[in-house]
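Trainee: Let's see this in three dimensions:
(one chain, ligands or ions: 1)
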Amino acid sequence: MAKLWAGRVSGETSSIADDFNSSISFDSRMYVQDITGSMAHAAMLGATGILSQKEADTLIDGLQGVLEDLQSGALQIDLSCEDIHMFVEQVLTGRLGDVGKKLHTARSRNDQVALDLRMYLRSEVDEITGLIKNLLGAILHQAEENKTVIMPGYTHLQRAQPILFSHHLLCYAMMLLRDLDRLRDCRKRMNVSPIGCCALAGTTYPTDRRMEAKALGFDDVAKNSLDGVSDRDFCVELLSCLATVMMHLSRFSEELILWSSWEFQFISLSDAYTTGSSIMPQKKNPDMAELTRGKTGRVYGDLMAMLTTLKGLPLAYNKDMQEDKEAVFDAVDTVKMCLKVFAPMVETMTAKPENMKKAAQGGFINATDLADYLVKKGLPFRSAYKLSGQIVAQCIREGKVLETLPFSEYQKYSSLFGEDLYEEISLETCVGKRISEGGTSLASVEAQIDYVKQMLV
Ligand code: ARG
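Mentor: Numbering: from 1, shown residues only. Have a look, this model is predicted:
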(Lines give C-alpha, C1' and ligand atoms only; values in the text may rest on other atoms or scores of the structure.)
Protein backbone atom coordinates (compact mmCIF):
# COMPACT_ATOMS: atom_id res chain seq x y z
CA MET A 1 0.00 0.00 0.00
CA ALA A 2 1.33 3.47 -0.90
CA LYS A 3 2.40 5.32 2.22
CA LEU A 4 0.76 8.67 3.04
CA TRP A 5 4.24 9.85 3.92
CA ALA A 6 5.82 8.68 0.64
CA GLY A 7 7.78 11.63 -0.72
CA ARG A 8 11.25 11.93 0.68
CA VAL A 9 11.20 8.17 1.02
CA SER A 10 10.20 6.51 -2.20
CA GLY A 11 11.74 3.05 -1.99
CA GLU A 12 9.57 0.24 -0.66
CA THR A 13 9.99 -0.58 3.03
CA SER A 14 10.37 -4.23 3.82
CA SER A 15 7.24 -5.95 5.06
CA ILE A 16 9.10 -6.95 8.21
CA ALA A 17 9.84 -3.28 8.84
CA ASP A 18 6.21 -2.38 8.14
CA ASP A 19 4.99 -4.91 10.67
CA PHE A 20 7.55 -3.74 13.18
CA ASN A 21 6.59 -0.12 12.68
CA SER A 22 2.85 -0.61 12.76
CA SER A 23 0.72 0.28 15.76
CA ILE A 24 -2.76 -0.13 14.27
CA SER A 25 -3.33 -3.46 16.01
CA PHE A 26 -3.42 -1.65 19.33
CA ASP A 27 -4.09 2.02 18.57
CA SER A 28 -7.26 1.31 16.56
CA ARG A 29 -9.09 1.26 19.89
CA MET A 30 -8.74 5.06 19.82
CA TYR A 31 -10.69 5.46 16.59
CA VAL A 32 -13.55 7.40 18.20
CA GLN A 33 -11.12 9.89 19.73
CA ASP A 34 -9.13 10.12 16.51
CA ILE A 35 -12.20 10.94 14.44
CA THR A 36 -13.76 13.30 16.99
CA GLY A 37 -10.41 15.08 17.26
CA SER A 38 -10.25 15.40 13.50
CA MET A 39 -13.77 16.80 13.36
CA ALA A 40 -12.84 19.52 15.84
CA HIS A 41 -9.69 20.17 13.82
CA ALA A 42 -11.66 20.54 10.59
CA ALA A 43 -14.12 22.88 12.33
CA MET A 44 -11.22 25.02 13.54
CA LEU A 45 -9.64 25.08 10.06
CA GLY A 46 -12.99 26.32 8.69
CA ALA A 47 -13.59 28.90 11.42
CA THR A 48 -10.14 30.41 11.03
CA GLY A 49 -10.37 30.53 7.23
CA ILE A 50 -7.44 28.16 6.78
CA LEU A 51 -9.91 26.04 4.80
CA SER A 52 -13.18 27.27 3.32
CA GLN A 53 -16.27 26.59 5.42
CA LYS A 54 -17.52 24.32 2.68
CA GLU A 55 -14.35 22.23 2.77
CA ALA A 56 -14.53 22.04 6.56
CA ASP A 57 -18.16 20.92 6.42
CA THR A 58 -17.36 18.29 3.82
CA LEU A 59 -14.56 16.97 6.02
CA ILE A 60 -16.79 16.90 9.10
CA ASP A 61 -19.57 15.07 7.25
CA GLY A 62 -17.06 12.65 5.78
CA LEU A 63 -15.55 11.96 9.20
CA GLN A 64 -19.00 11.46 10.67
CA GLY A 65 -19.65 8.87 7.96
CA VAL A 66 -16.41 7.05 8.71
CA LEU A 67 -17.26 7.02 12.42
CA GLU A 68 -20.75 5.66 11.84
CA ASP A 69 -19.52 3.00 9.44
CA LEU A 70 -16.87 1.84 11.89
CA GLN A 71 -19.43 1.73 14.67
CA SER A 72 -21.97 -0.19 12.61
CA GLY A 73 -19.36 -2.59 11.30
CA ALA A 74 -19.93 -1.49 7.67
CA LEU A 75 -16.27 -0.45 7.60
CA GLN A 76 -13.47 -2.64 8.95
CA ILE A 77 -10.13 -1.41 10.21
CA ASP A 78 -7.45 -2.22 7.65
CA LEU A 79 -4.60 -3.72 9.63
CA SER A 80 -2.17 -3.13 6.80
CA CYS A 81 -2.26 0.60 7.59
CA GLU A 82 0.51 1.90 9.81
CA ASP A 83 -1.73 3.35 12.49
CA ILE A 84 -5.26 4.52 13.18
CA HIS A 85 -4.47 8.10 12.12
CA MET A 86 -3.28 6.97 8.68
CA PHE A 87 -6.23 4.64 8.32
CA VAL A 88 -8.89 7.28 8.99
CA GLU A 89 -7.22 9.81 6.69
CA GLN A 90 -6.85 7.22 3.96
CA VAL A 91 -10.51 6.15 4.10
CA LEU A 92 -11.60 9.78 4.19
CA THR A 93 -9.49 10.68 1.18
CA GLY A 94 -10.77 7.60 -0.63
CA ARG A 95 -14.30 8.85 -0.07
CA LEU A 96 -13.85 12.62 -0.50
CA GLY A 97 -10.97 12.88 -2.94
CA ASP A 98 -8.67 15.89 -2.68
CA VAL A 99 -10.57 17.62 0.15
CA GLY A 100 -9.68 14.65 2.35
CA LYS A 101 -6.02 15.47 1.82
CA LYS A 102 -6.57 18.89 3.44
CA LEU A 103 -7.51 17.53 6.86
CA HIS A 104 -3.91 17.19 7.97
CA THR A 105 -3.22 20.93 7.47
CA ALA A 106 -1.68 22.57 10.56
CA ARG A 107 -1.21 19.38 12.51
CA SER A 108 1.06 16.38 12.69
CA ARG A 109 0.60 12.84 13.86
CA ASN A 110 2.75 13.82 16.81
CA ASP A 111 0.18 16.17 18.29
CA GLN A 112 -2.64 14.02 16.92
CA VAL A 113 -1.55 10.89 18.77
CA ALA A 114 -0.94 12.85 21.95
CA LEU A 115 -4.46 14.25 21.64
CA ASP A 116 -6.07 10.89 20.99
CA LEU A 117 -4.30 9.27 23.89
CA ARG A 118 -5.24 12.00 26.33
CA MET A 119 -8.86 11.83 25.24
CA TYR A 120 -8.94 8.06 25.36
CA LEU A 121 -7.35 7.81 28.78
CA ARG A 122 -9.53 10.61 30.11
CA SER A 123 -12.61 8.50 29.44
CA GLU A 124 -10.90 5.43 30.90
CA VAL A 125 -10.20 7.40 34.07
CA ASP A 126 -13.90 8.26 34.24
CA GLU A 127 -14.86 4.63 33.80
CA ILE A 128 -12.37 3.42 36.40
CA THR A 129 -13.64 6.10 38.78
CA GLY A 130 -17.15 4.68 38.39
CA LEU A 131 -15.91 1.14 38.99
CA ILE A 132 -14.05 2.15 42.15
CA LYS A 133 -17.24 3.82 43.36
CA ASN A 134 -19.11 0.55 42.78
CA LEU A 135 -16.56 -1.27 44.88
CA LEU A 136 -16.91 1.36 47.59
CA GLY A 137 -20.65 0.75 47.47
CA ALA A 138 -20.07 -2.97 48.04
CA ILE A 139 -17.72 -2.27 50.95
CA LEU A 140 -20.28 0.09 52.50
CA HIS A 141 -22.95 -2.56 52.11
CA GLN A 142 -20.85 -5.13 53.97
CA ALA A 143 -19.80 -2.64 56.63
CA GLU A 144 -23.40 -1.68 57.32
CA GLU A 145 -24.58 -5.27 57.24
CA ASN A 146 -21.91 -6.35 59.74
CA LYS A 147 -21.57 -3.16 61.70
CA THR A 148 -21.25 -4.72 65.16
CA VAL A 149 -19.44 -7.94 64.26
CA ILE A 150 -16.26 -8.36 66.31
CA MET A 151 -13.11 -9.87 64.86
CA PRO A 152 -9.50 -10.05 65.94
CA GLY A 153 -7.41 -7.20 64.57
CA TYR A 154 -3.88 -8.28 63.65
CA THR A 155 -0.37 -6.98 63.63
CA HIS A 156 2.38 -9.28 62.30
CA LEU A 157 -0.58 -11.54 61.45
CA GLN A 158 -0.78 -12.24 65.19
CA ARG A 159 -4.02 -11.51 66.99
CA ALA A 160 -3.56 -8.06 68.48
CA GLN A 161 -6.72 -6.28 69.61
CA PRO A 162 -10.41 -6.80 68.97
CA ILE A 163 -11.91 -4.59 66.28
CA LEU A 164 -15.17 -4.36 64.40
CA PHE A 165 -15.23 -6.18 61.07
CA SER A 166 -16.88 -3.06 59.65
CA HIS A 167 -13.89 -1.01 60.84
CA HIS A 168 -11.53 -3.36 59.04
CA LEU A 169 -13.53 -3.16 55.82
CA LEU A 170 -13.75 0.61 55.98
CA CYS A 171 -9.97 0.77 55.99
CA TYR A 172 -10.13 -0.37 52.36
CA ALA A 173 -12.74 2.29 51.68
CA MET A 174 -10.28 4.95 52.86
CA MET A 175 -7.59 3.60 50.52
CA LEU A 176 -9.98 3.60 47.60
CA LEU A 177 -11.12 7.14 48.36
CA ARG A 178 -7.50 8.22 48.10
CA ASP A 179 -7.26 6.35 44.81
CA LEU A 180 -10.24 8.33 43.56
CA ASP A 181 -8.58 11.51 44.64
CA ARG A 182 -5.34 10.60 42.89
CA LEU A 183 -7.23 9.77 39.69
CA ARG A 184 -9.07 13.08 39.85
CA ASP A 185 -5.78 14.88 40.22
CA CYS A 186 -4.15 12.91 37.41
CA ARG A 187 -7.12 13.65 35.14
CA LYS A 188 -6.65 17.36 35.72
CA ARG A 189 -3.14 17.36 34.27
CA MET A 190 -4.18 14.92 31.55
CA ASN A 191 -6.91 17.27 30.41
CA VAL A 192 -4.61 19.73 28.63
CA SER A 193 -4.74 19.79 24.85
CA PRO A 194 -1.60 19.19 22.79
CA ILE A 195 -3.33 19.68 19.44
CA GLY A 196 -1.87 22.51 17.43
CA CYS A 197 1.66 21.88 18.70
CA CYS A 198 2.07 20.16 15.32
CA ALA A 199 5.27 18.21 14.73
CA LEU A 200 7.22 20.04 17.44
CA ALA A 201 7.50 23.76 16.77
CA GLY A 202 3.95 25.00 16.32
CA THR A 203 2.70 26.19 12.95
CA THR A 204 2.69 29.13 10.57
CA TYR A 205 -1.07 28.83 9.98
CA PRO A 206 -3.36 31.15 11.97
CA THR A 207 -4.84 28.32 14.05
CA ASP A 208 -7.05 28.64 17.10
CA ARG A 209 -5.82 26.04 19.53
CA ARG A 210 -8.17 27.13 22.28
CA MET A 211 -11.21 26.71 20.09
CA GLU A 212 -10.18 23.15 19.29
CA ALA A 213 -9.36 22.39 22.92
CA LYS A 214 -12.68 23.75 24.11
CA ALA A 215 -14.65 21.77 21.54
CA LEU A 216 -12.95 18.60 22.80
CA GLY A 217 -13.59 19.28 26.48
CA PHE A 218 -10.05 20.26 27.52
CA ASP A 219 -9.42 22.74 30.33
CA ASP A 220 -6.29 24.25 28.83
CA VAL A 221 -3.73 23.96 26.04
CA ALA A 222 -0.07 22.88 26.29
CA LYS A 223 2.02 26.01 26.77
CA ASN A 224 5.07 24.71 24.95
CA SER A 225 4.77 22.91 21.64
CA LEU A 226 7.74 20.62 22.34
CA ASP A 227 6.16 19.67 25.63
CA GLY A 228 2.79 19.09 24.00
CA VAL A 229 4.18 16.36 21.77
CA SER A 230 6.82 14.92 24.14
CA ASP A 231 4.98 14.78 27.43
CA ARG A 232 3.85 11.38 28.57
CA ASP A 233 3.80 12.27 32.28
CA PHE A 234 0.05 11.76 32.17
CA CYS A 235 0.66 8.10 31.29
CA VAL A 236 3.21 7.69 34.05
CA GLU A 237 0.88 9.33 36.55
CA LEU A 238 -2.07 7.24 35.49
CA LEU A 239 0.00 4.06 35.68
CA SER A 240 1.21 5.02 39.10
CA CYS A 241 -2.39 5.62 40.24
CA LEU A 242 -3.41 2.28 38.76
CA ALA A 243 -0.47 0.47 40.35
CA THR A 244 -1.62 1.87 43.69
CA VAL A 245 -5.21 0.74 43.07
CA MET A 246 -3.88 -2.74 42.31
CA MET A 247 -1.69 -2.72 45.40
CA HIS A 248 -4.82 -2.00 47.44
CA LEU A 249 -6.86 -4.66 45.67
CA SER A 250 -4.03 -7.09 46.16
CA ARG A 251 -3.94 -6.53 49.92
CA PHE A 252 -7.71 -6.90 50.04
CA SER A 253 -7.44 -10.06 47.92
CA GLU A 254 -4.90 -11.52 50.28
CA GLU A 255 -7.23 -11.02 53.22
CA LEU A 256 -10.22 -12.45 51.39
CA ILE A 257 -8.11 -15.49 50.56
CA LEU A 258 -6.99 -15.89 54.16
CA TRP A 259 -10.43 -15.24 55.61
CA SER A 260 -12.10 -17.74 53.34
CA SER A 261 -9.53 -20.44 54.13
CA TRP A 262 -10.50 -23.38 56.27
CA GLU A 263 -8.09 -22.12 58.94
CA PHE A 264 -9.84 -18.76 59.35
CA GLN A 265 -13.40 -19.28 58.10
CA PHE A 266 -14.25 -15.62 58.71
CA ILE A 267 -16.12 -15.26 55.44
CA SER A 268 -17.41 -17.35 52.64
CA LEU A 269 -17.25 -16.12 49.07
CA SER A 270 -20.24 -16.65 46.84
CA ASP A 271 -20.11 -19.66 44.51
CA ALA A 272 -20.39 -17.18 41.66
CA TYR A 273 -16.91 -15.85 42.45
CA THR A 274 -15.04 -19.03 43.35
CA THR A 275 -14.05 -22.15 41.47
CA GLY A 276 -13.88 -25.84 42.30
CA SER A 277 -10.87 -28.08 42.01
CA SER A 278 -10.70 -30.57 39.18
CA ILE A 279 -9.47 -33.27 41.57
CA MET A 280 -10.23 -32.31 45.19
CA PRO A 281 -14.00 -32.28 45.74
CA GLN A 282 -13.84 -30.31 49.00
CA LYS A 283 -12.18 -27.28 47.43
CA LYS A 284 -13.71 -23.88 46.86
CA ASN A 285 -10.95 -21.73 45.51
CA PRO A 286 -10.83 -17.92 45.70
CA ASP A 287 -9.51 -17.65 42.13
CA MET A 288 -10.84 -14.16 41.47
CA ALA A 289 -9.03 -12.75 44.47
CA GLU A 290 -5.86 -14.68 43.60
CA LEU A 291 -5.94 -13.50 40.00
CA THR A 292 -6.37 -9.93 41.13
CA ARG A 293 -3.39 -10.35 43.44
CA GLY A 294 -1.44 -11.87 40.55
CA LYS A 295 -2.39 -9.24 38.01
CA THR A 296 -0.98 -6.56 40.29
CA GLY A 297 2.42 -7.59 39.00
CA ARG A 298 1.39 -6.84 35.42
CA VAL A 299 0.32 -3.33 36.27
CA TYR A 300 3.52 -2.64 38.22
CA GLY A 301 5.35 -3.91 35.14
CA ASP A 302 3.41 -1.54 32.90
CA LEU A 303 4.48 1.39 35.06
CA MET A 304 8.12 0.31 34.92
CA ALA A 305 7.91 -0.21 31.17
CA MET A 306 6.56 3.30 30.66
CA LEU A 307 9.16 4.97 32.85
CA THR A 308 11.93 3.04 31.16
CA THR A 309 10.68 3.84 27.66
CA LEU A 310 10.74 7.54 28.44
CA LYS A 311 14.07 7.53 30.23
CA GLY A 312 16.72 9.44 28.33
CA LEU A 313 14.52 10.29 25.33
CA PRO A 314 15.65 13.50 23.65
CA LEU A 315 12.99 16.05 22.72
CA ALA A 316 10.66 15.98 20.98
CA TYR A 317 8.80 13.00 19.45
CA ASN A 318 10.67 9.73 19.03
CA LYS A 319 9.17 6.53 17.74
CA ASP A 320 9.99 4.92 21.10
CA MET A 321 6.91 6.74 22.31
CA GLN A 322 4.63 4.48 20.30
CA GLU A 323 5.43 1.95 23.05
CA ASP A 324 3.44 4.05 25.52
CA LYS A 325 0.10 2.69 24.41
CA GLU A 326 0.32 -1.04 25.00
CA ALA A 327 1.54 -0.56 28.54
CA VAL A 328 -1.11 1.91 29.48
CA PHE A 329 -3.89 0.01 27.68
CA ASP A 330 -2.90 -3.20 29.41
CA ALA A 331 -3.02 -1.46 32.77
CA VAL A 332 -6.45 0.14 32.25
CA ASP A 333 -7.88 -3.13 30.90
CA THR A 334 -6.48 -5.09 33.82
CA VAL A 335 -7.67 -2.67 36.48
CA LYS A 336 -11.14 -2.50 34.95
CA MET A 337 -11.42 -6.28 34.80
CA CYS A 338 -10.30 -6.65 38.41
CA LEU A 339 -12.68 -3.98 39.67
CA LYS A 340 -15.57 -5.48 37.71
CA VAL A 341 -15.14 -8.82 39.41
CA PHE A 342 -14.10 -7.44 42.79
CA ALA A 343 -17.17 -5.32 43.54
CA PRO A 344 -19.75 -8.12 43.19
CA MET A 345 -17.38 -10.56 44.92
CA VAL A 346 -17.30 -8.29 47.97
CA GLU A 347 -21.00 -7.47 47.68
CA THR A 348 -21.98 -11.16 47.77
CA MET A 349 -19.55 -12.52 50.36
CA THR A 350 -21.01 -13.74 53.65
CA ALA A 351 -19.43 -12.90 56.97
CA LYS A 352 -19.28 -15.57 59.66
CA PRO A 353 -19.55 -13.56 62.88
CA GLU A 354 -19.41 -16.59 65.24
CA ASN A 355 -16.06 -17.68 63.84
CA MET A 356 -14.61 -14.20 64.01
CA LYS A 357 -15.77 -13.88 67.59
CA LYS A 358 -14.31 -17.26 68.52
CA ALA A 359 -10.96 -16.25 67.04
CA ALA A 360 -11.14 -12.96 68.89
CA GLN A 361 -11.76 -14.72 72.18
CA GLY A 362 -8.84 -17.10 72.07
CA GLY A 363 -5.81 -14.96 71.61
CA PHE A 364 -5.51 -12.73 74.69
CA ILE A 365 -6.35 -9.77 72.51
CA ASN A 366 -7.81 -8.01 75.53
CA ALA A 367 -4.46 -8.04 77.38
CA THR A 368 -3.94 -4.35 76.54
CA ASP A 369 -7.30 -3.60 78.08
CA LEU A 370 -6.37 -5.52 81.21
CA ALA A 371 -3.29 -3.32 81.50
CA ASP A 372 -5.37 -0.20 80.84
CA TYR A 373 -7.73 -1.30 83.62
CA LEU A 374 -4.85 -1.22 86.11
CA VAL A 375 -3.61 2.10 84.75
CA LYS A 376 -7.02 3.61 85.40
CA LYS A 377 -6.75 2.31 88.96
CA GLY A 378 -3.51 4.22 89.37
CA LEU A 379 -0.70 1.85 88.28
CA PRO A 380 1.93 3.25 85.85
CA PHE A 381 1.46 1.75 82.37
CA ARG A 382 4.78 -0.12 82.28
CA SER A 383 4.05 -1.88 85.59
CA ALA A 384 0.51 -2.65 84.47
CA TYR A 385 1.90 -4.03 81.19
CA LYS A 386 4.27 -6.34 83.09
CA LEU A 387 1.58 -7.64 85.44
CA SER A 388 -0.78 -8.31 82.56
CA GLY A 389 1.97 -10.18 80.76
CA GLN A 390 2.49 -12.39 83.81
CA ILE A 391 -1.23 -13.11 84.03
CA VAL A 392 -1.31 -14.03 80.33
CA ALA A 393 1.64 -16.37 80.88
CA GLN A 394 -0.20 -18.09 83.75
CA CYS A 395 -3.32 -18.48 81.57
CA ILE A 396 -1.25 -20.07 78.81
CA ARG A 397 0.35 -22.48 81.29
CA GLU A 398 -3.03 -23.46 82.64
CA GLY A 399 -4.93 -23.51 79.37
CA LYS A 400 -7.17 -20.62 80.42
CA VAL A 401 -8.10 -17.25 78.94
CA LEU A 402 -8.32 -13.92 80.76
CA GLU A 403 -12.11 -14.10 80.87
CA THR A 404 -12.09 -17.45 82.70
CA LEU A 405 -9.24 -16.92 85.13
CA PRO A 406 -10.88 -16.86 88.59
CA PHE A 407 -10.99 -13.57 90.48
CA SER A 408 -8.98 -15.07 93.34
CA GLU A 409 -6.09 -15.52 90.91
CA TYR A 410 -6.25 -11.89 89.81
CA GLN A 411 -6.15 -10.78 93.41
CA LYS A 412 -2.81 -12.54 93.86
CA TYR A 413 -1.30 -10.16 91.32
CA SER A 414 -2.74 -6.88 92.56
CA SER A 415 -5.24 -5.59 95.06
CA LEU A 416 -6.26 -3.04 92.45
CA PHE A 417 -8.34 -5.70 90.68
CA GLY A 418 -12.06 -5.55 91.35
CA GLU A 419 -14.86 -7.79 90.10
CA ASP A 420 -15.60 -5.20 87.41
CA LEU A 421 -12.46 -6.32 85.58
CA TYR A 422 -14.40 -9.00 83.67
CA GLU A 423 -16.76 -6.42 82.28
CA GLU A 424 -13.79 -4.23 81.36
CA ILE A 425 -12.03 -6.94 79.39
CA SER A 426 -15.07 -8.27 77.57
CA LEU A 427 -14.57 -7.93 73.82
CA GLU A 428 -17.62 -5.70 73.52
CA THR A 429 -16.17 -3.28 76.06
CA CYS A 430 -12.72 -3.41 74.47
CA VAL A 431 -14.19 -2.40 71.15
CA GLY A 432 -16.80 0.00 72.53
CA LYS A 433 -14.24 1.90 74.58
CA ARG A 434 -12.06 2.77 71.61
CA ILE A 435 -13.83 6.03 71.08
CA SER A 436 -10.82 8.03 69.87
CA GLU A 437 -11.50 9.61 66.49
CA GLY A 438 -10.92 6.96 63.83
CA GLY A 439 -10.95 4.17 66.46
CA THR A 440 -12.94 0.98 66.25
CA SER A 441 -15.95 2.01 68.40
CA LEU A 442 -19.36 1.76 66.81
CA ALA A 443 -19.78 5.54 66.86
CA SER A 444 -16.51 5.94 65.00
CA VAL A 445 -17.48 3.30 62.45
CA GLU A 446 -20.79 5.06 61.88
CA ALA A 447 -18.96 8.34 61.38
CA GLN A 448 -16.70 6.62 58.84
CA ILE A 449 -19.67 5.20 56.96
CA ASP A 450 -21.18 8.68 56.78
CA TYR A 451 -17.87 10.10 55.59
CA VAL A 452 -17.50 7.56 52.79
CA LYS A 453 -21.09 8.15 51.70
CA GLN A 454 -20.50 11.86 51.67
CA MET A 455 -17.39 11.45 49.55
CA LEU A 456 -19.38 9.43 47.03
CA VAL A 457 -22.05 12.01 46.28
N1 ARG B 1 1.74 5.58 15.68
C2 ARG B 1 2.51 6.68 16.18
C3 ARG B 1 2.60 6.60 17.71
O4 ARG B 1 1.82 5.89 18.25
C5 ARG B 1 1.90 7.96 15.80
C6 ARG B 1 2.85 9.10 15.73
C7 ARG B 1 3.78 8.92 14.61
N8 ARG B 1 4.62 10.06 14.41
C9 ARG B 1 5.74 10.00 13.68
N10 ARG B 1 6.41 11.08 13.58
N11 ARG B 1 6.15 8.88 13.13
O12 ARG B 1 3.42 7.20 18.34
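
Trainee: and the nearest residue to residue 108 once chain neighbours are set aside, what does it touch?
Mentor: Nearest non-adjacent residue to residue 108, counting by C-beta to C-beta, 6 or more residues apart in numbering: residue 199, 3.9 Å away. Using the backbone N, CA and C atoms, a C-beta is placed for each residue, glycine as well. Residues counted as contacts of residue 199 (C-beta atoms under 8 Å, 6 or more residues apart in numbering) are 108, 110, 111, 229, 316, 317.

Trainee: With the ligand as the reference, measure out to residue 199.
Mentor: 7 Å (C-beta to the nearest ligand atom, to the nearest Å).

Trainee: Just the local confidence number for whatever residue of the stretch 301-450 of the chain ends up closest to the ligand, please.
Mentor: In the stretch 301-450 of the chain, no residue comes nearer to the ligand than residue 322, which is 3.7 Å away by C-beta to the nearest ligand atom. At residue 322, the model reports a pLDDT of 98.

Trainee: Contact partners for the residue nearest to it when sequence neighbours are not counted?
Mentor: Spatial nearest neighbour of residue 322, chain neighbours left out: residue 23 (5.1 Å); criterion: C-beta to C-beta, 6+ apart. Counting by C-beta under 8 Å, 6+ apart, residue 23 touches 82, 83, 84, 322, 325.

Trainee: pLDDT of stretch 299-306, averaged?
Mentor: Stretch 299-306 comes out at a mean pLDDT of 98.

Trainee: Contacts made by it with the rest, please.
Mentor: By C-beta under 8 Å, 6+ apart, stretch 299-306 touches 232, 235-236, 239-240, 242-243, 246, 323-324, 327-328, 330-331, 334-335.

Trainee: And those, which is closest to residue 147?
Mentor: residue 246 (28.6 Å; C-beta to C-beta).

Trainee: pLDDT score assigned to that closest one?
Mentor: Note for residue 246: predicted pLDDT of 98.

Trainee: likewise the one 4 residues further on?
Mentor: Predicted confidence (pLDDT) for residue 250: 98.

Trainee: Now the longest helix anywhere in the chain: average pLDDT?
Mentor: Using DSSP state H to define each element, the chain has its longest helix at helix 109-145. Mean pLDDT, helix 109-145: 98.

Trainee: any idea how far it is from the chain center?
Mentor: Counting by C-alpha atoms, centre = their mean, to the nearest Å, helix 109-145 is centred 8 Å from the centre of its parent chain.

Trainee: Likewise for stretch 393-404?
Mentor: Relative to the centre of its chain, stretch 393-404 is centred 46 Å away, using C-alpha atoms, centre = their mean.

Trainee: That stretch: which residues count as buried?
Mentor: 395, 401, 402 (16 or more other C-beta atoms under 10 Å).

Trainee: sorry, back to before: using the three-state scheme, assign the residue nearest to residue 108.
Mentor: coil (DSSP: H, G, I helix; E, B strand; the rest coil).

Trainee: dump the residue contacts of the closest residue to residue 190 other than its chain neighbours.
Mentor: In space, and not counting its chain neighbours, residue 190 is closest to residue 234: 4.1 Å by C-beta to C-beta, 6+ apart. By C-beta under 8 Å, 6+ apart, residue 234 lies in contact with 118, 121, 186, 189, 190.

Trainee: can you count the residues close to the last one?
Mentor: Using other C-beta atoms under 10 Å, residue 190 has 21 other residues around it.

Trainee: what about it, distance to residue 217?
Mentor: Residue 190 is 11 Å from residue 217, where distance means C-beta to C-beta, to the nearest Å.

Trainee: Mutual contacts of these two, please.
Mentor: Both residue 190 and residue 217 are contacted by residue 122, under the criterion C-beta under 8 Å, 6+ apart.

Trainee: contacting residues around residue 317?
Mentor: By C-beta under 8 Å, 6+ apart, the contact set of residue 317 is 110, 199, 200, 229, 230.

Trainee: Next, residue 153: phi, psi?
Mentor: As for residue 153, its main-chain torsions (degrees, to the nearest 10) stand at phi -90, psi 150.

Trainee: Next one, pLDDT for it please.
Mentor: Note on residue 153: pLDDT of 96.

Trainee: Quick check: chain neighbours aside, which residue is closest to it?
Mentor: Here the residue nearest residue 153, using C-beta to C-beta, 6+ apart, is residue 163, at 3.7 Å.

Trainee: Just the buried residues of the contacts of stretch 299-306.
Mentor: For those, a burial check counting by 16+ other C-beta under 10 Å picks out 232, 235-236, 239-240, 242-243, 246, 323-324, 327-328, 330-331, 334-335.

Trainee: Looking at those, which is nearest residue 89?
Mentor: Checking the buried ones among the contacts of stretch 299-306 against residue 89 with C-beta to C-beta, the nearest one is residue 324 at 21.2 Å.

Trainee: What separation is there between the closest one and residue 230?
Mentor: The value you get for residue 324 to residue 230, if C-beta to C-beta is used, is 11 Å.

Trainee: same for the host helix or strand of residue 37, what does it pack against?
Mentor: In this assignment (DSSP states H and E), residue 37 forms part of helix 31-47. Under the contact definition 3 or more C-beta pairs under 8 Å, 6 or more residues apart in numbering; DSSP states H and E, helix 31-47 sits against helix 53-72, helix 84-96, helix 109-145, helix 209-215.

Trainee: quick check: angle from that helix to helix 53-72?
Mentor: 170 degrees (axes from the mean of the first three to the mean of the last three C-alpha atoms, to 10 degrees).

Trainee: Does the ligand have contacts with helix 31-47?
Mentor: No - in terms of C-beta under 6 Å from any ligand atom, no part of helix 31-47 sits within range of the ligand; the closest distance is 10.4 Å.

Trainee: secondary structure class for residue 265?
Mentor: coil.

Trainee: Let me see the contact set for it.
Mentor: 259, 352, 355.

Trainee: I'd like the distance from it to residue 352, if you could.
Mentor: Distance of residue 265 to residue 352, given as C-beta to C-beta: 6 Å.

Trainee: now swap in residue 159 and tell me
Mentor: From residue 159 to residue 352 the distance is 17 Å (C-beta to C-beta).
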